[in-house]
Structure formats: C-alpha cells, structure tokens
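Colleague: Give me a 3D structure for the following:
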Amino acid sequence: MLVVAEKEIGGLMTPEAAFDAIEQVFAAMASDKAYNFPVVREAIGHEDALYGFKGGFDGAALTLGLKAGGYWPNNQKHGLINHQSTIFLFDADTGRVAAAVGGNLLTALRTAAASAVSIKHLAPKGAKVLGMIGAGHQSAFQMRAAARIHRFDKVIGWNPHPEMLSRLADTAAELDLPFEAVDLPRLGAEADVIISITSAFSPMLLDAHVTGPTHIAAMGTDTKGKQELDPALVARARLFTDEIAQSVSIGEFQHAIAAGLIAEEAITQIGAVVNGTHPGRDGAEVTIFDGTGVGLQDLAVAAKVVELAERKGLAQKVEI
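Modeller: Purely as a prediction, here's the structure:
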C-alpha cells in the first residue's frame, strides 16, 4: 500500500484541490452515486476522548475507505492538536488496502472546503461582510476558504473567549481584510455570510440576531447534543446539509427536528444545488448549511492527495 505522511500533506494539498474534491463528492452523493456508511462514535473512557469511524463508497470515483480518529481534548500536554485521524483507502475492485494517509490537516481542509462550497452556491448576491463565530484552530481554515471563493470587504467576529480573537484578526490581516470584534446581535445584523465553528452545546446565534438575507454555514455540530443555532432561526430558514440522515441525528438540525419545528423533508442535500436539480437561494431568505462532516469528504481529499503524492514521488510504498 501507499503511505502519505501527515508532514507531507501541507506541501501537497491545496485549498483549490480540496474545494474541487468536496464539490464533486457532494454532487455524487446527491446523484445517488456515492453513500456514507453508518458513523461509529464513542467516548472511550480514557483522556475524555471521543473516537470513531466514518466511511463510505463513491461509485463515481471508485473511492472506498474510512477515517479512524477523534477528539482528544487534553492533547496540548503532548504537544499535539486535539483532533487526530488517519484515512485508509481500499481498492474497490479487490478490497485490498491501497493507502494510509495522515488525516489531521486534511480534516481541516475538507471541513473548510465544505462551507466554501455552500458559500459559492448559497451566499446572497453582493455579499460583502463575513461573520465568524468561533476562533479555534479550524476558524483560520474556514476564513481562508471563504475568502478564496468569494470577495468580501471585511470580516467581523465573536468568540466566547475574547482573548482568542487574535487568530481571526491575524488571519484577516493575512488576507488583507479589515477585522472588527463585535457582539452577536451586531454580527447577525451586519454579516451577509456567517460561519459558526465552535463546540457549543447551547445556541449562540439567536433568531432575533439575524435580520437580513444571510447565508449561515453551521460547521461545529457533529455530535448528539451539540448546538450553535437557535431552533427558531433554523425553522424560518431554507435548509441544506451534506447528508440528511446525519444532520437530523448528530448535526445542527437535530434540535429543530426534536422540537417538531421542521420536518426532514425541509432539508436538501447541498449536492442537489451543485447539480442544478435544486435552485438553492430563492430571494431574500436566510439559508443554512449544516456541515456535519461525512466520511466521503475525507475519502475524496485523501484520494486526491495520494494522486498528488504519487505524481511528486512522495508516497511511500509499504508491503502489508
């Protein structure tokens, strides 16, 4: 099999390649050419860690595999980031293992690419202000991906721990965009596009905060109980997601579903907009993309990075 080490990913995978891979796999999912396997996610009872598996099969690209990994909240003491994962690809024709790929940076890139796909297809016309909720490790990737796909005039941001806002300010400066820290009511009123990327378990962005045509990429909720948005805001929006079954069980829309405020039929796969079978935004409404993170996203970017690594001679061959 081929091995692509984590240390090689940064020099191989570009945001452009990640965006293309994610847009294509979303389209394949909406065309019923690709599907995800049931997610396994467990609290293992050691180091407060969550560990699990996400996998799937893309029949269009013949990509088969899984990502193994999770969240270790105490990793700072080891000098490591909290999210740790490895992606394994298998030959779809024979079942033999084909590649093992470091998944940490790829996870960040594919998550940012997913929100960027939603912004490309759902942002209000003439959107100028990007609002960021959350200033953790992933926020910089999110901002860079959003700015690459759409031209914004400024960035405004909020974080529950204000001392962390320097990450947003520094990333905006890197992108030559002005940045201002604001409160949530102002962020909801002024931002044309909002990316929320936190690990919250209660709503932060409220229905009353969002006053105009807005697109929200809700990227933080990927576990039962997590929540970033007011269910009343979800209930009045036009709703999109990567995978509906995952969205209503562990994604942002789980709460509005549980409260009886929306029906599953109100949610559309983002790939349908990519494919042109759904119109997407239809005027001045609020749109929400619930980015729960699916295994097929990981496989798509891993397959691309293996292709790039082979081309550049950076894939190690190991007999197994």
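Colleague: so who does the closest residue to Ala217 other than its chain neighbours touch?
Modeller: Computed as C-beta to C-beta, 6 or more residues apart in numbering, the closest residue to Ala217 that is not its neighbour in sequence is Ser115, at 3.8 Å. C-beta coordinates here come from the backbone N, C-alpha and C atoms, glycine included. By C-beta atoms under 8 Å, 6 or more residues apart in numbering, Ser115 lies in contact with Gln142, Ala145, Ala146, Ile195, Ala217, Met219, Phe289, Gly291.
Colleague: Could you pick out which of those are located in helices?
Modeller: Gln142, Ala145, Ala146 (DSSP state H).
Colleague: on that earlier part again, is the residue nearest to Ala217 in a helix, a strand, or coil?
Modeller: helix (DSSP: H, G, I helix; E, B strand; the rest coil).
Colleague: ok, now Gly65?
Modeller: Under three-state DSSP, Gly65 comes out as strand.
Colleague: Which stretches in the stretch 201-320 of the chain count as helices?
Modeller: Secondary structure of the stretch 201-320 of the chain (DSSP state H, counting those that start in this stretch): helices located at 231-235, 244-250, 254-258, 270-275, 295-312.
Colleague: right, and those helices - which one's nearest Thr94?
Modeller: The closest of these to Thr94 is helix 295-312. By C-beta to C-beta, the value is 16.2 Å.
Colleague: would you list the helices of the stretch 201-320 of the chain in a markdown table and tack on mean pLDDT, mean neighbour count and distance to Phe88?
Modeller: Listed next are those as a markdown table, based on pLDDT from 0 to 100; neighbours: other C-beta atoms under 10 Å; distance: least, C-beta to C-beta, whole Å:
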| stretch | mean pLDDT | mean neighbour count | distance to Phe88 |
| --- | --- | --- | --- |
| helix 231-235 | 98 | 20 | 35 |
| helix 244-250 | 94 | 20 | 20 |
| helix 254-258 | 97 | 20 | 28 |
| helix 270-275 | 98 | 23 | 24 |
| helix 295-312 | 97 | 23 | 8 |
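Colleague: Of all those helices, which one is nearest Ala189?
Modeller: Comparing those by C-beta to C-beta, helix 231-235 comes nearest, at 13.1 Å.
Colleague: partners of Phe240 in the sheet?
Modeller: Thr268, Phe289 (DSSP bridges).
Colleague: pretty sure it contacts Leu122?
Modeller: Yes: under the criterion of C-beta atoms under 8 Å, Phe240 makes contact with Leu122 at 6.7 Å.
Colleague: where's the helix or strand Ala18 falls within relative to the chain centroid, distance-wise?
Modeller: Using DSSP states H and E, Ala18 maps to helix 15-30. Centre-to-centre, helix 15-30 and its host chain are 12 Å apart (C-alpha atoms, centre = their mean, to the nearest Å).
Colleague: Adjacent strands (with direction) for the helix or strand just after that helix?
Modeller: With elements assigned by DSSP H and E, the helix or strand that comes after helix 15-30 is strand 34-36. When pairing is defined by DSSP bridges, strand 34-36 lines up against strand 50-58 (antiparallel).
Colleague: Tell me where the stretch 151-300 of the chain has strands.
Modeller: 154-158, 179-181, 193-196, 201-205, 215-218, 227-229, 238-241, 267-269, 287-290 (DSSP state E, counting those that start in this stretch).
Colleague: Tell me which of the ones you listed lies nearest to Leu64.
Modeller: Leu64 lies closest, by C-beta to C-beta, to one member of the strands of the stretch 151-300 of the chain: strand 267-269, at 20.7 Å.
Colleague: phi, psi of Lys7?
Modeller: phi -70, psi -20 (degrees, to the nearest 10).
Colleague: Can you name the residues bridging to the residue lying closest to it once chain neighbours are set aside?
Modeller: Nearest non-adjacent residue to Lys7, counting by C-beta to C-beta, 6+ apart: Gly102, 7.5 Å away. Gly102 forms beta bridges with Thr86, as assigned by DSSP bridges.
Colleague: Can you give me the neighbour number for Gly102?
Modeller: Residues lying near Gly102 (other C-beta atoms under 10 Å) number 21.
Colleague: pretty sure it is touching Leu12, no?
Modeller: No: the criterion here is C-beta under 8 Å, and Gly102 misses it with Leu12 at 10.4 Å.
Colleague: what touches both of the two?
Modeller: By C-beta under 8 Å, 6+ apart, Gly102 and Leu12 have these common neighbours: Val4.
Colleague: Which neighbours do Phe240 and Leu122 have in common?
Modeller: If you check Phe240 and Leu122 against C-beta under 8 Å, 6+ apart, the residues they both contact are Ile270, Val273, Gly280, Thr287, Phe289.
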